[in-house]
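**Student:** Predicted model and sequence follow; I will ask about them next.
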Amino acid sequence: MGKSPFHSEFEELNLRFYVHRKHGTERRRGVVFIKEVVPKSAIALTARLIYGENYVSLPMTHKIVPTADRIEVEYAWRNRGQWLRLTAGSDGASQLPAENSLEQYITEHYWGYSRRRGRNTLEYQVTHAPWRVWRCSHAGFEGNGAELYGRELGAILSRQPDSAFIAAGSSVLVFRGEEIS
């Protein structure tokens, strides 16, 4: 779930890859978004204009069913009249990711990068509390991912994931970006 001025909470689904950038002696772990889906057009427009991110606004729903020892989640979005679904479930309680684990690597990125048409890459800082995670006992994707993400990524989405976990997100603060060369 994301947050934005005038929109306190909303579904957000994104397809991304991870990068590193050396800045002086600091190694910045960052993320580059391929496509982000949100249900509100104002949020998509703001993200495209301010950060150059590839946001689209589509109808979305979600279900999160937590119990003391498991969680089931489903996010769904409609593209060109067809519903796509991302589902996952886990047995056991959430925990903070182990140091140097894949879950920590994925959830603890504090820099974002986007390439804006005709301009240099934008680098912006993001802060949030560490996210608790559940390791998944099952996960899957349903629908025609190629329509939204392209043929190659759609093919990857259609197969069983190599790994999956659920993260309990938090409020995220996104700072004004700077162009880098």
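**Tutor:** Arrived safely, thanks for sending.

**Student:** Do me a favour and average the pLDDT over the lengthiest helix in the chain.
**Tutor:** Ranked by number of residues, the top helix in the chain under DSSP state H is helix 41-51. Throughout helix 41-51, pLDDT has a mean value of 87.

**Student:** in it, what's buried?
**Tutor:** 43, 44, 46, 47, 48, 51 (16 or more other Cβ atoms under 10 Å). (Glycine included, C-beta is placed from N, CA and C.)

**Student:** quick one: strands adjacent to the longest strand out of those in the chain?
**Tutor:** Longest strand of the chain, by residue count under DSSP state E: strand 26-38. Here strand 26-38 has these sheet partners by DSSP bridges: strand 13-23 (antiparallel), strand 55-57 (parallel), strand 111-115 (parallel).

**Student:** I'd like these laid out as CSV, including distance to residue 100, mean pLDDT and mean neighbour count.
**Tutor:** Listed next are the strands paired with strand 26-38 as CSV, based on distance: least, Cβ to Cβ, whole Å; pLDDT from 0 to 100; neighbours: other Cβ atoms under 10 Å:
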stretch, distance to residue 100, mean pLDDT, mean neighbour count
strand 13-23, 15, 91, 13
strand 55-57, 32, 92, 18
strand 111-115, 19, 90, 18
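
**Student:** Nearest to residue 85, out of those strands?
**Tutor:** strand 13-23 (10.6 Å; Cβ to Cβ).

**Student:** sorry, back to before: name the helices or strands packed onto the longest helix of the chain?
**Tutor:** strand 2-4, strand 7-10, strand 26-38, strand 55-57 (3 or more Cβ pairs under 8 Å, 6 or more residues apart in numbering; DSSP states H and E).

**Student:** Nice, that's everything, thank you.
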